[in-house]
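1. let's see this in three dimensions:
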Amino acid sequence: MNLQPRAANASPAPTRIVLALAGAFAFLTGLAQWLAATPAWRFDSPVQFDADFAVGVGLVWTLCQAFLHRDAAALRRRWLVAAGAMLLLAGIQATDWLVEVGALGDDWFVDLPLWLAVSVVLRRVLRDASARGWAMHAWRLGLCFQVVFVACDFSDGLFAGGWLASPHLVASITEWAELLAIEAYVVALVLLEIAPGAARIRGAALAVGAEARRVFEAARLFRKASYPPVRWAHYPWARQVLIVAACLWLLATVGPLARRASGRSLRAQLADLLVLGLRDDFDPASYYFQDLHFRGGRAEAVHYLTRYETKNGLLHALNDMRLRPHGSSELNDKLLFADCCRYAGVPTPPVLLACAEGDVRWQASRGALDRDLCCKPQKGRGARGVAVFRRIGHERYRAADGEELDLDSLVERLRERGRTTPLIVQPGLANHAELADLAQRSLVTLRVVTCLDAAGRPVVTHGVLRILSKLEPDWSGDDEYGASIDLVTGALGPLRSDRIASCVMRWTHHPVTGQAIEGRRLAVWPQVRALAVTAHEAFAHRTLVGWDIASTPDGPVVLEGNNSLDVMFPQRVYRQGIGRGPLGPLLQHHLAALARARGVD
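-> Predicted coordinates for the structure are as follows:
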């Protein structure tokens, strides 16, 4: 199949005509302003006049479209909402006249909420119409001009005017930015109607990463603010600003390292970051994490998934397509997960104690706790909140901070902790001999990704060996190291870190212990791979799961399953996007099913 990076990039004749007319309008405005004796910041200047004219054109266009689509309730409502945005712009323009006649002292506190409302309303209109291509480019351009306008309008010659230019020049830049923002928004609405083909050419499939982002946006799959974990950062105006800020910060901190590694100039890196972030909604951090600063990397971005769409709702939607047999999420509740595994015959560490709300439930005999113990939050993922207690004698333990406790004191401590955070206690596990030299105190885990195929059978698509520095008290740093696992032979690739500052680094040997990594073959890999398939068969209502499996002297055991797995690291260690690997075709199938279920073309 020929996967097109973005079918919407083609510019049909109507689109080119609209863009040409918009460019001519801006040019003629500039010419008129140059010939006029009135500065641009005056309310009677050509710039101000043309801004009013552009608002008028937008209002007439949206009302005409509402009339033409009067028999289609959804379309009529959409265009009336757009007309409301144009009325808000008219209100913004009216404040300039009120300031000029002295009826209003400063219009900034009025303009700011109105501009924010305009950008959000127009974004919603375009998203409802599944707009892509030049319509969305025009909206993003308008948002950029809007940010410039708001910043300059706020300074009002006091800040920027004192440092960079005269107050009148700043005021003129403000009015120009306002005009261009209005014009870009109007162009977006015009293209929405005359160039509907910008959504997607039927029959041309997007690469899996681009398709995942399209479905995420078009189906409104945003569920909660996980990446970044603050809600305001996901509003359209804020997201665009943060993307630009992230691009500049990454360029300053990581750009020089990437330039030395790939030879790509900082200017070219910045262009890549802005194009991918603002045009394609591509997470800027992924540009460096996935080595896209190397030659041809930008074109490969369409094959990569990022944390933004996956963590904020896409994976939840994919894993929620089948009926759940349990009332709660069994993958997020370690106690329920252990019960499900035991019932299905999937090897997993037993739960010895469960502590919640000041109560301790013994799941095993007292003698079963006379060993190394691992305490975890009942709900949660990964190593967050994990505490290990090493056995140093009969019913005596040493905590990570060196404190020694007997069993009764330990149980009482866990009882108190369980009042606020429910906990479970499981046996502490040891690494298999073939992995024991890769860690000192922590458990080396194998992340195995499985996905259902079209027939509902689990397929192993990725394997990653993981080493967590934060669980090693004698190691410096909190890096998580990972290495790819060859799905056939079990051979390891080079080790890589999850730290952005180490994005260009690859280690053939362990950076702390010095043991060889690359080329090492895991003899236990066939058993681990088979266990991951067995585990997914036991949780067959899940579409895509990342299984954390430990290879112990007694054989591999499943530690947990992640239905919101991190897609960053598997792609990073394999050095290819998910769309280029075995998961790509499987995910395309499920994305198509999800799009149909959500009414997305």
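2. what's the mean pLDDT across the helix or strand hosting Leu318?
-> Using DSSP states H and E, Leu318 maps to helix 315-319. What helix 315-319 shows for mean pLDDT is 95.
3. give me the residues contacting the helix or strand following it.
-> Per DSSP H and E, the first helix or strand lying C-terminal to helix 315-319 is helix 334-344. Contacts with helix 334-344, where a contact means CB atoms under 8 Å, 6 or more residues apart in numbering, come from 326, 328, 330-331, 346-351, 354, 376-380, 424, 426, 535, 538-539, 558, 560-561. Where C-beta positions appear, they are placed from N, C-alpha and C, glycine not excepted.
4. flag every buried residue along helix 334-344.
-> Counting neighbours by 16 or more other CB atoms under 10 Å, one finds that the buried residues in helix 334-344 are 334-338, 340-341.
5. export the residues you listed as JSON lines, with columns for pLDDT and distance to Ala181.
-> Shown next, in JSON lines, are the buried residues of helix 334-344 (pLDDT from 0 to 100; distance: CB to CB, whole Å):
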{"residue": "Lys334", "pLDDT": "93", "distance to Ala181": "51"}
{"residue": "Leu335", "pLDDT": "92", "distance to Ala181": "54"}
{"residue": "Leu336", "pLDDT": "93", "distance to Ala181": "52"}
{"residue": "Phe337", "pLDDT": "94", "distance to Ala181": "51"}
{"residue": "Ala338", "pLDDT": "94", "distance to Ala181": "56"}
{"residue": "Cys340", "pLDDT": "94", "distance to Ala181": "54"}
{"residue": "Cys341", "pLDDT": "95", "distance to Ala181": "56"}
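6. same list, those residues, but as TSV with distance to Val57 please.
-> Formatted as TSV, these follow (distance: CB to CB, whole Å):
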residue	distance to Val57
Lys334	60
Leu335	62
Leu336	59
Phe337	59
Ala338	64
Cys340	61
Cys341	64
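7. ranges for the strands of the stretch 301-450 of the chain?
-> Assigned by DSSP state E, counting those that start in this stretch, the strands in the stretch 301-450 of the chain fall at 353-356, 359-362, 373-377, 387-393, 396-398, 404-406, 423-427, 445-452.
8. out of those strands, which one sits most buried?
-> Counting by mean count of other CB atoms under 10 Å, strand 445-452 has the highest mean neighbour count of the strands of the stretch 301-450 of the chain, with a mean of 25.
9. strand partners (parallel or antiparallel) of it?
-> Strand 445-452 has the following strand partners under DSSP bridges: strand 458-468 (antiparallel), strand 544-552 (antiparallel).
10. alpha carbons only: can I get that strand in CSV?
-> This file holds the C-alpha atoms of strand 445-452, laid out as CSV (Å, rounded to 0.1, in the frame of the first residue of the first chain):
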residue,chain,number,x,y,z
THR,A,445,11.7,-6.1,33.4
LEU,A,446,10.8,-7.0,29.8
ARG,A,447,8.1,-4.8,28.3
VAL,A,448,6.2,-6.9,25.6
VAL,A,449,3.6,-5.2,23.5
THR,A,450,0.8,-7.2,22.1
CYS,A,451,-2.1,-6.2,19.8
LEU,A,452,-5.1,-8.1,18.6
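11. contacts for it next, please.
-> Contacts for strand 445-452 (CB under 8 Å, 6+ apart): 458-466, 482, 485, 522, 528-529, 532-533, 535-536, 540, 542-551, 556, 559, 565, 569-570, 583, 586-587, 590.
12. one more: stretch 225-235?
-> Here stretch 225-235 has contacts from 120, 222, 238-239, 242, 283, 307-308, 311-312, 564, using CB under 8 Å, 6+ apart.
13. who's in contact with the nearest residue in space to Ala436 that is not next to it in sequence?
-> Nearest residue to Ala436, sequence neighbours excluded (CB to CB, 6 or more residues apart in numbering): Ala430, at 7.6 Å. Ala430 is in contact with 372, 436, 443, 552-553, counting by CB under 8 Å, 6+ apart.
14. out of those residues, which one sits closest to Leu169?
-> Leu443 (62.8 Å; CB to CB).
15. quick one: the closest one and Asn431 touch, right?
-> Yes - counting by CB atoms under 8 Å, Leu443 does reach Asn431; the two are 6.3 Å apart.
16. okay if I get the strands of the stretch 301-450 of the chain as TSV plus distance to Trp61?
-> Below are the strands of the stretch 301-450 of the chain laid out as TSV (distance: least, CB to CB, whole Å):
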stretch	distance to Trp61
strand 353-356	60
strand 359-362	65
strand 373-377	55
strand 387-393	63
strand 396-398	73
strand 404-406	74
strand 423-427	61
strand 445-452	45
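17. what's the closest of those strands to Val302?
-> Comparing these by CB to CB, strand 445-452 comes nearest, at 19.4 Å.
18. average pLDDT for the closest one?
-> On average, strand 445-452 scores 98.
19. stretch 373-388 too?
-> On average, the pLDDT along stretch 373-388 is 85.
20. ok, now stretch 351-363?
-> Confidence for stretch 351-363, expressed as mean pLDDT, is 93.
21. which residues does it contact?
-> With CB under 8 Å, 6+ apart as the test, stretch 351-363 has contacts from 334-335, 338, 350, 364, 368-369, 373, 378, 411, 414-419, 422-427.
22. one more pass at 10 Å, please.
-> Stretch 351-363 has contacts (CB atoms under 10 Å, 6 or more residues apart in numbering) with 334-335, 337-339, 342, 350, 364-366, 368-369, 371, 373-376, 378, 410-427.
23. which among the contacts of helix 334-344 count as buried?
-> Members of those classed as buried by 16+ other CB under 10 Å are 330-331, 346-349, 351, 354, 376-380, 424, 426, 535, 538-539, 558, 560-561.
24. the residue nearest to Gly91 when sequence neighbours are not counted and Trp232: what is the separation?
-> Setting aside the residues directly before and after it, Gly91 is nearest to Leu114 in space (CB to CB, 6+ apart), at 5.9 Å. For Leu114, the distance to Trp232 equals 18 Å [CB to CB, to the nearest Å].
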